[in-house]
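1. When you get a sec, could you give me coordinates for this:
(2 chains)
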Amino acid sequence: MRLTLGLVTVFAFSVIIFSTFSFLPGDFATEILGQSATKSAVKALRAELGLDKPPVTRYFDWLGNVFQGDFGSSFSGRSKVQGDQGDRSREVVGLIIPRLKNTLFLTGVAAMLAIPLSLILGISAALYRNSYYDRSATGASLVTVSSPEFFTAYIFILLLATLFPVFPTISTVDEDTTLVERFYRTALPVFTLTLITMGHMMRMTRSAIINILSSEYIEMAKLSGASRYEVIVKHALPNAWAPISQVIAINLAYMLIGSVVVEYVFNYQGIGRLMVGSVYNRDLPVVQACALIFASTYVILNLIADLIGIISNPRLLYPK
Amino acid sequence: MTSNKSKELLLEMKNIHIDGFSDERWHKILKGVDLTLYRGEILGLIGESGAGKSTMGKAAMGYTQPGCKIIKGEVNFNGIDLAKLTEFEKRKIWGTKISYVAQSAAASFNPAHRLMDQTISASNRLKINPTDVLKKDAVKLYESLQLPDPENIGDRYPHQVSGGQLQRIMTAMAMSPRPELIIFDEPTTALDVTTQVEVLSAMRSIVDKFNTAAIYITHDLAVVAQMADRIKVLRYGEEVEEAETRDMLSNPKEEYTKSLWSVRSLIKPEETNQDYILSIKNIDAAYGSSKVLYNVSIDIPKGKTVAIVGESGSGKSTTARVITGLLPQSKGEIIFDGKKLSPKLEQRSKEELRKIQIIFQMPDTAMNPRQTVDEIIGRPIEFYQGIKGKERESKVIELLKMIELDETFLDRLPSELSGGQKQRICIARALAAKPDLIICDEVTSALDQIVQEGILKLLQKLQKDLGVTYIFITHDIATVKAISDEIVVMYQGEVVEQGLKSKILNPPYPDYTELLLSSVPEMDPDWLTNLLNKRSS
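-> Next up, the predicted model:
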């Protein structure tokens, strides 16, 4: 049920993505050939790229290919003259995969840092509710949530690269970079992504647990002699997984989106940077592919969160 | 129940003062109450809501709810003053030496853990017996509490067993570490009468078996009469009186206690006629795919009161929803005032809507908390009769007088009213539409007995003055005796029987009616024992 709903969402999204880009003014053919291009040359190029077909036909052609794992060829890098041997146009898939790997590495490391940290902070803040620790943690999280990612990124650059030059400001990596080197170079973007998502996750974890702490079964647990730690970890947390996993899903997706800006700031070869560059060049196949990947990630993450919600709730897992 | 209990002191609470913080200030909840309890004895603690009985029960553990604190007093349990212990020290006593059985078992079990794990969690903390020994013992406890399938019921989750079973499992959980004292805090209030009997007898026998002392908190006198050796009556945070159960029942000394005893004396002579204002014929209804009403037919005589009784899940409230059009029936028809009513609410005329009004169980949630009394009552006047301005206000005041309140209430919000006043406002709101038929859905079950009596008297007076017809939905037989002319007994979505009160409440009974009526606790302290003997023979 949820799975089909997810598929429908992705499908609807593909329609939106495709039509949005079709409505953009200007087109790639005139862009490449320049203002002085002859009408026949433009027409020939449009025909070759399939731009002369009606949008609906183009959409289904594209969708059909996507299902076969073919996102088409990139518009840019192609030769201006038909049949030229120097055609450097590349398959979109080949272009995206390494970039996607880079982005997943970046967000993956950030997530592995952010999720446990925010859970620990959130749970401990709930445990010592209204203490100075709780207040400073929630206060600080508000600051990180409300600062935009580029600002956070620049603060990190100022602190950890300029004033105390510990980490590099440029996170350029290639296929030959070793793992240790990767960690070192991506430290600042990882910190930025961690910080911008942690605040939200920590606050929601805290409030989900505090919400449950007012339940009658918590009072019952206290009256049966459970310690404060036991009450939170054994009695409140198992019932808080559903809301917490939802928040984590949203934040992981947000991290991926946030990586567009962060990759740009740190000049990191990720999918976000690729997308921004492709938009500049009106490289439709690449932009569409990137957008579709972002949309699917959202849907998949939400599905996983729903799944965790079901698994953690015996009422849904074991019906009467 | 016999008096051969030792006179060894277990718990002695002296001069307990507890304050609670609400509405931005501190209130006194308990004003110097004493309590003594001997080993193996059961003390009944009764009073209306707000009397402080629950607070007293929790204070016996040295616990106060968040927002409350013990100002003064000692809680000597086995010679140790619990009020002076640290949280850490108290946790060693809670759940193991003193355990607690809460009112709502459904809300008091953690939904995420299996029942067995919860049953033995406190005993596990003692680290005396290994887990498998505790589990075997828990199965024995389940068995002696007459739970079905005691071997496997512990593997289930709380949502997979019924409320009555949960309440018994909670008793097993309380008993598992073999405590010296159990606090029962209204353990059967949320249960149907038929289930209540099973739970009461199970609790009593297990407490007897292990000679555990208990404090039994309730507002139901008949229940406490079955359980307690001694009874203490509380009111406004102070003790009214205390005596051995039999003495207290036969010879209450204080006026207040007597008034508690006399509530059930309200009786109305029955009358009926063949002039039906409402007839529902062969109604079937379902929520989604689960069918809840099967071929229900009921006739409501004009100007009379028909009580619909049955336990939860019997379809009483669903019948009300069908009559009001909130849940369209899948089969059958409703004849109101000689005309057929369309099943759907949207297809009924404003006039038809006006003539049938409903009053709900929980007055707290039935009123918009941001509207004043004037707006709450004035709105149906404006909507159905088109009366506005000064005239509307005088109508509202007229209605307020009818429900024995006055114009000083006009500007009040629901939060500034007591439970009984709120329910009166709900009655006035229903009357504002000048209905022919009012459906009262458990209107008194959320109220204290004395307040209940006031509401029932008011409803009777209004019927006499205005000739309005009532459908009275309830599971409380005392209420039924007090107010009804005719009774409809429902069970599992079907009508068991309908007839005059005298006919239904006197033998011969169909099986289910018999079970229902015999399960209603009586003031006689031997009632439960006699009933169980009779049923087992």
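2. Please count neighbours and contacts with C-alpha atoms only from this point.
-> Will do.
3. Close to chain B: what parts of the stretch 101-250 of chain A are there?
-> Near chain B, the residues belonging to the stretch 101-250 of chain A are A:215-220, A:222-227, A:235, A:238-239 when assessed by C-alpha under 8 Å from any C-alpha of the partner chain.
4. okay, and the helix or strand of the chain with the least pLDDT?
-> With no chain named, the answer covers chain A. Here the helix or strand of chain A ranked lowest by mean pLDDT, DSSP states H and E is helix A:28-33, holding a mean of 66.
5. Switch to chain B, please.
-> With mean pLDDT, DSSP H and E as the measure, the helix or strand of chain B carrying the lowest mean pLDDT is helix B:255-262 (a mean of 77).
6. Just the buried positions in the helix or strand just after it, please.
-> Sequence order places strand B:276-287 as the next helix or strand after helix B:255-262, per DSSP states H and E. Of the residues in strand B:276-287, B:Y276, B:I277, B:L278, B:S279, B:I280, B:K281, B:N282, B:I283, B:D284, B:A285, B:A286 count as buried by neighbour count, 16 or more other C-alpha atoms under 10 Å in any protein chain shown.
7. Quick check: residues of chain B near chain A?
-> For chain B, the residues in contact with chain A (C-alpha under 8 Å from any C-alpha) are B:63, B:88, B:90-96, B:99-100, B:102, B:107-112, B:122, B:157, B:159-160.
8. Filter these down to the buried ones and hand me the PyMOL line.
-> Listed next is the PyMOL selection for buried residues among the residues of chain B next to chain A, using 16+ other C-alpha under 10 Å:
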select buried, chain B and resi 63+90+91+92+93+94+95+96+99+100+102+107+108+109+110+111+112+122+157+159+160
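9. by contact count, what packs against the biggest helix by length in chain A?
-> Determined from DSSP state H, the single longest helix within chain A is helix A:92-127. Contacts defined by 3 or more C-alpha pairs under 8 Å, 6 or more residues apart in numbering or on different chains; DSSP states H and E place helix A:92-127 against helix A:132-146, helix A:187-213, helix A:237-266, helix A:271-280, helix A:284-311.
10. Could you rerun that using 10 Å?
-> Helices and strands touching helix A:92-127, as assessed by 3 or more C-alpha pairs under 10 Å, 6 or more residues apart in numbering or on different chains; DSSP states H and E, comprise helix A:132-146, helix A:179-185, helix A:187-213, helix A:228-230, helix A:237-266, helix A:271-280, helix A:284-311.
11. Out of these, which is the most enclosed?
-> Using mean count of other C-alpha atoms under 10 Å in any protein chain shown, the stretch among those with the largest mean neighbour count is helix A:187-213, at a mean of 24.
12. per-residue confidence averaged over that helix?
-> Averaging pLDDT along helix A:187-213 yields 90.
13. Quick one: end-to-end length of stretch B:146-164, please.
-> The first and last residues of stretch B:146-164 sit 11 Å apart, counting by C-alpha to C-alpha, to the nearest Å.
14. Tell me how far that stretch lies from the chain's centre.
-> Here stretch B:146-164 is found 23 Å from its chain centre; the criterion is C-alpha atoms, centre = their mean, to the nearest Å.
15. Of all the residues in it, which ones are buried?
-> Buried residues in stretch B:146-164, defined by neighbour count with 16+ other C-alpha under 10 Å: B:Q146, B:L147, B:P150, B:I153, B:G154, B:R156, B:Y157, B:P158, B:H159, B:Q160, B:G163, B:G164.
16. List the residues that contact the last one.
-> Listed by C-alpha atoms under 10 Å, 6 or more residues apart in numbering or on different chains, the contact partners of B:G164 are B:105-106, B:147, B:170, B:187-188, B:190-192, B:194-199.
17. Regarding it, which helix or strand does it belong to?
-> Residue-wise, B:G164 maps onto helix B:163-175 under DSSP H and E.
18. And that helix, what's buried?
-> Of the residues in helix B:163-175, those buried by neighbour count under the rule 16+ other C-alpha under 10 Å are B:163-175.
19. what's the pLDDT at residue 307?
-> Unless you meant another one, I'm taking chain A. At A:L307 the predicted local distance difference test score is 88.
20. oops, chain B please
-> B:A307 is assigned a pLDDT of 92 by the prediction.
21. Over to A:T107?
-> On the pLDDT scale, A:T107 is placed at 90.
22. Could you do A:G77 as well?
-> 56.
23. what's the offset of whichever strand or helix holds A:L316 from the middle of its chain?
-> In this assignment (DSSP H and E), A:L316 forms part of helix A:314-317. The gap between the average C-alpha position of helix A:314-317 and the chain average comes to 30 Å, counting by C-alpha atoms, centre = their mean.
24. Buried ones in that helix, by neighbour count?
-> Counting neighbours by 16+ other C-alpha under 10 Å, one finds that the buried residues in helix A:314-317 are A:P314, A:R315.
25. again with stretch B:185-201
-> Using 16+ other C-alpha under 10 Å as the test for burial, stretch B:185-201 gives B:185-188, B:190-201.
26. Which one of those residues is nearest to chain A?
-> B:D185 (11.6 Å; C-alpha to the nearest C-alpha).
27. Tell me who's in contact with that closest one.
-> Taking C-alpha under 10 Å, 6+ apart as the criterion, B:D185 is in contact with B:45, B:53-55, B:57-58, B:100-104, B:215-218.
28. okay, among those, which ones form the most distant pair?
-> B:L45 and B:S104 (17.9 Å; C-alpha to C-alpha).
29. now the spatially most central residue of chain B, nearest residue through space, not along the chain?
-> Among the residues of chain B, the one closest to the centroid is B:T189, at 4.7 Å (C-alpha atoms, centre = their mean). Take B:T189 and drop its neighbours on the chain: the residue closest to it by C-alpha to C-alpha, 6 or more residues apart in numbering or on different chains is B:Q103, 6.7 Å away.
30. Spit out the contact partners of that neighbour.
-> A:E216, B:Q167, B:F184, B:D185, B:E186, B:P187, B:T188, B:T189, B:A190, B:L191, B:I217, B:T218.
31. Apply 7 Å and report the result again.
-> Contact criterion C-alpha atoms under 7 Å, 6 or more residues apart in numbering or on different chains gives B:D185, B:E186, B:P187, B:T188, B:T189, B:A190 as the residues in contact with B:Q103.
32. Got the domain ranges for chain A?
-> Listed domain ranges for chain A are A:2-67, A:92-317 (source: automatic domain parsing).
33. I'd like those domains laid out as CSV, including distance to B:M248.
-> As requested, the domains of chain A are exported to CSV (distance: least, C-alpha to C-alpha, whole Å):
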stretch, distance to B:M248
domain A:2-67, 62
domain A:92-317, 32
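34. Format the helices and strands packed on helix A:92-127 as JSON lines; extra columns: distance to B:P510.
-> Output for the helices and strands packed on helix A:92-127, formatted as JSON lines (distance: least, C-alpha to C-alpha, whole Å):
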{"stretch": "helix A:132-146", "distance to B:P510": "63"}
{"stretch": "helix A:179-185", "distance to B:P510": "80"}
{"stretch": "helix A:187-213", "distance to B:P510": "46"}
{"stretch": "helix A:228-230", "distance to B:P510": "52"}
{"stretch": "helix A:237-266", "distance to B:P510": "45"}
{"stretch": "helix A:271-280", "distance to B:P510": "76"}
{"stretch": "helix A:284-311", "distance to B:P510": "45"}
